[in-house]
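>>> Here is a sequence with its predicted model. Questions after.
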Amino acid sequence: MTARHIPRPGTRVDTEPIEVYRSGRILAPRQLEFADLGTPLDEVTFVVVDVETTGERPGAHALTEIGAVKVCGGEVVQEFSSLVNPGVPIPAQITVLTGITTAMAVSAPPLHEVLPAFLNFLGPTAPVLVAHNARFDMSHLRGACEAIDMAWPRLRVLDTLGLARRLFSRDEVPNHKLSTLAGYCRAAVQPSHRALDDARATVDVLHAMIGRLGPLGVTHIEDLLTVSNPVPARRRRRAVLADQVPHSPGSYRFIGPNNEVLYVGSSGNMYRRVRQYFTAAEKRHRMAEMVDLATRVETTPTATLLEARVVELRDITRFDPPYNRRSRRPHTRTWISLDTTPVARLKTTRSCSATEAANSLGPFGSRTAARRAAELIGDEAGLNPAGLNVPRKADLSDCPCHFASHAPCALAPRGTVNTGPVALARARRLLAGSLAEVWDHQMARIARLAAQERFEEAMVERDRLLALLTAAQRRDLLVPLWRARRVVAASKREDHWEIILASYGRLLATATVSEARDVPEHAAALRNATPLLAAPPRAAEHAHPEETQLLAAWLSDPRSRVLAVEGEIPLAVPLTSAHRFPTSFPGAEESPGLAER
């Protein structure tokens, strides 16, 4: 069992004698094992595949033949070959190219028999699929799976065409066709536009390329899969920064030349994740720039992935690293609440009292989202637009008529302005989460605008509805945790149980045990050893809003069980909450900062 107390920034207090990690501490140098480098190529199972089809377009054209060769350690393990009945006549040009005739295809088994047999040929352990011009073969195989309602397995794919373009110059070969490469590499089988022959030729070409790459240090499958993507040699050499990173959950920090924190991240396997920054798997230009600046990597190992995510958020808040875009400056989040003096109006604030959080809306990830939600609440409640106290930005749906572009309009943007008591009561209901009428009105409005082909206006209405629903759903999840003095829960993971203790939305301690029968005992030990926080005057006072959101997601997992709760309100979401409504609208913008990680 491992358990650690996680107070405000400072040391971690163990409930048992285990290794203590403090912020910024670097592990002692250790001898790397061969397993750290990845899987050696001679231990990798490759399945070299080739398909013949009735045409080039997946879906529109069908498979006529599948051929595959399974190899491991340079030796052929097994072969697969079968014609496929495409259900249509074979075009004459395809017959001339491949030699496959309609008469041959008529007697062949149908796709729903051949494709499952091929997937079974791949075996229980996911091999690396290899193809020459893999985009063509993979797209047709995926399209065939969709045609018979089968799931295509998630496999790593190696394209020998892209690899050949990196390895063989024009001085060596005039082109990179399979027939040209097979001749240059002295393949035992020449391609004939039949699936099995082409797969056999590709095997010999693959082995020739691996032999050429060996002296360059490409000896593991992880290197081979990225060698066709150009990565600056300087960045590859800096991969030694990952050598001392442990293979455990935790938070990692890239440190710059002036000892500043450039970037903070977290992972369930820090070594594997940090190493990816130095390969072609990292496509983001900002991250490439950050890696080039980094001089070392510091880590904070944790017992669980949840704790790693929490430590990451706290480090981002503490260091404000320039290359992190999300989760920065949590205390600048926007709230919407109702102000009744001197007239009923909506106001935006940077904080909200703990008792008023249930009747306010937030925290929003951006001011734009807050503005959209406030405008929609004001329109639905019938508040006087002059009393919104929210900077209103003109967009397509704010104009009641075309004259509004020439002079200010005296009318409300939509609907009518209600009397003070009516508008106040409606606004209170909306802020409390009674959004059924808003949903009905907005969906009808969006449908009407779309039917009139006023798609830009429909998009604006969609984004306003999404901003309101997302904030209400987030608030309903977080408020019970913000008001809970103590929450103790356990969750079953792959081979262990995780136990957490939280107070007022902040994670205080975690523990891991291997057996379910040990959970109550260690949960009690965690409660006795961990002091609780004082009740905060404001919502999100003790923790980053995203930290509480991580706790809510962890508790909502079907594998989690709540063991004890001490709070003012139930740890639950009402059936009438905004969670009834979907927020996955096509093309909708993602709210920055508080998006699910």
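It's in.
>>> Go ahead and confirm Ala458 touches Ala444.
No: taking contacts as C-beta atoms under 8 Å, Ala458 lies outside contact range of Ala444: 11.4 Å. Where C-beta positions appear, they are placed from N, C-alpha and C, glycine not excepted.
>>> more neighbours, these two?
Ala458 (20 against 10; other C-beta atoms under 10 Å).
>>> Quick check: closest non-adjacent residue to the more buried one.
In space, and not counting its chain neighbours, Ala458 is closest to Leu449: 3.9 Å by C-beta to C-beta, 6 or more residues apart in numbering.
>>> Report pLDDT for the one you found.
In the predicted model, Leu449 carries a pLDDT score of 92.
>>> ditto for Gly415
pLDDT for Gly415: 47.
>>> His247 now?
pLDDT for His247: 91.
>>> Leu481 too?
93.
>>> do Ser351 as well
In this prediction, Ser351 carries a pLDDT score of 82.
>>> tally of neighbours for it?
17.
>>> All the helices of the stretch 1-150 of the chain, residue numbers only.
Using DSSP state H, counting those that start in this stretch, the helices found in the stretch 1-150 of the chain span residues 92-98, 102-106, 111-122, 134-147.
>>> helices or strands next to the longest one in the packing?
Right, the one you point to is helix 134-147. In terms of contacts (3 or more C-beta pairs under 8 Å, 6 or more residues apart in numbering; DSSP states H and E), helix 134-147 is packed against strand 45-53, strand 63-72, helix 111-122, strand 128-131, strand 156-159, helix 160-167.
>>> Can you tell me how far Thr583 is from Arg462?
11 Å (C-beta to C-beta, to the nearest Å).
>>> Pick out whichever of these two has more residues nearby.
A direct count of neighbours by other C-beta under 10 Å for Thr583 and Arg462 places Arg462 higher, at 21 against 16.
>>> From Asp379, how far off is that one?
15 Å.
>>> Over to Tyr252?
46 Å.
>>> Next: Val573.
Between Val573 and Asp379 the computed distance is 26 Å (C-beta to C-beta).
>>> How about Arg142?
Relative to Asp379, and taking C-beta to C-beta, Arg142 is found at 45 Å.
>>> Comparing the two, which residue is more hemmed in?
Asp379 (21 against 14).
>>> So what pairs up with Thr53 in the strands?
On the basis of DSSP bridges, Thr53 is bridged to Leu63.
>>> tell me the mean pLDDT over stretch 530-550?
On average, stretch 530-550 scores 90.
>>> got a list of contacts for it?
By C-beta atoms under 8 Å, 6 or more residues apart in numbering, the residues outside stretch 530-550 that reach it are 5, 306, 309-310, 313-314, 317, 327, 330, 333, 351-354, 357, 363, 474, 477-479, 481-482, 485-486, 501, 503-509, 593-594, 597.
>>> how about 6 Å then?
Under the contact criterion C-beta atoms under 6 Å, 6 or more residues apart in numbering, stretch 530-550 has outside partners 5, 309-310, 313, 317, 327, 330, 351-354, 357, 363, 478, 481-482, 486, 501, 503-506, 508-509.
>>> Narrow these to those that are buried.
With neighbours counted by 16 or more other C-beta atoms under 10 Å, the contacts of stretch 530-550 contain buried members at 5, 309-310, 313, 317, 327, 330, 351-352, 354, 357, 363, 478, 481-482, 486, 501, 503-506, 508-509.
>>> Now, the residues you listed that are in helices?
Judged by DSSP state H, these include 309-310, 313, 317, 478, 481-482 as members of helices.
>>> Among these, which one sits closest to Phe46?
Arg309 (36.1 Å; C-beta to C-beta).
>>> so the closest one sits right up against Gly268, yeah?
No: Arg309 lies out of contact with Gly268 (C-beta atoms under 6 Å); the separation is 9.8 Å.
>>> Which one of the helices and strands packed on helix 134-147 lies nearest to Leu224?
With C-beta to C-beta as the criterion, Leu224 lies closest to strand 156-159 of these, at 6.7 Å.
>>> packing partners for the closest one?
With contacts taken as 3 or more C-beta pairs under 6 Å, 6 or more residues apart in numbering; DSSP states H and E, strand 156-159 sits against strand 128-131.
>>> Direction included, what does the strand it packs on pair up with?
Looking at strand 128-131 with DSSP bridges, its partner strands are strand 45-53 (parallel), strand 156-159 (parallel).
>>> okay, now the domains of the chain?
With domains defined by the TED database, the chain comprises 41-221, 230-328, 332-392+404-473, 485-566.
>>> Let me have the ones you listed in TSV, extended by distance to Ser577.
Listed next are the domains of the chain as TSV, based on distance: least, C-beta to C-beta, whole Å:
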stretch	distance to Ser577
domain 41-221	34
domain 230-328	24
domain 332-392+404-473	6
domain 485-566	13
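>>> Of these, which is nearest Ala578?
Closest among these, using C-beta to C-beta: domain 332-392+404-473, at 3.7 Å.
>>> any idea how far that closest one is from the chain center?
The chain centroid and the centroid of domain 332-392+404-473 are separated by 30 Å under C-alpha atoms, centre = their mean, to the nearest Å.
>>> lowest average confidence, helix or strand, in this protein?
Among the helical and strand segments of the chain, the one scoring lowest on mean pLDDT, DSSP states H and E is strand 13-14, with a mean of 34.
>>> what separates the residue of the chain positioned farthest from its centre from Leu305, distance-wise?
Most distant residue from the mean C-alpha position of the chain: Ala103, 48.5 Å away (C-alpha atoms, centre = their mean). Distance, Ala103 to Leu305, by C-beta to C-beta: 58 Å.
>>> What of Ala108?
Distance from Ala108 to Leu305, by C-beta to C-beta: 49 Å.
>>> do Asp204 as well
According to C-beta to C-beta, Asp204 and Leu305 sit 44 Å apart.
>>> what do you get for Thr219?
Distance from Thr219 to Leu305, by C-beta to C-beta: 31 Å.
>>> how about the helices of the stretch 1-150 of the chain, which one is nearest Asp495?
Nearest to Asp495 among those is helix 111-122 (26.8 Å), distances taken as C-beta to C-beta.
>>> Restricting to C-alpha, output the closest one in PDB.
Output in PDB follows, covering the C-alpha atoms of helix 111-122 (Å, rounded to 0.1, in the frame of the first residue of the first chain):
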ATOM      1  CA  LEU A 111     -16.300 -10.500 -48.400                       C
ATOM      2  CA  HIS A 112     -18.100 -11.400 -45.200                       C
ATOM      3  CA  GLU A 113     -16.200 -14.700 -45.200                       C
ATOM      4  CA  VAL A 114     -12.800 -13.600 -46.400                       C
ATOM      5  CA  LEU A 115     -12.300 -10.400 -44.200                       C
ATOM      6  CA  PRO A 116     -13.000 -12.200 -40.800                       C
ATOM      7  CA  ALA A 117     -10.500 -14.900 -41.900                       C
ATOM      8  CA  PHE A 118      -7.900 -12.200 -42.600                       C
ATOM      9  CA  LEU A 119      -8.500 -10.500 -39.300                       C
ATOM     10  CA  ASN A 120      -8.100 -13.900 -37.600                       C
ATOM     11  CA  PHE A 121      -4.800 -14.400 -39.500                       C
ATOM     12  CA  LEU A 122      -3.500 -11.200 -37.900                       C
END
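>>> Much appreciated, bye for now.
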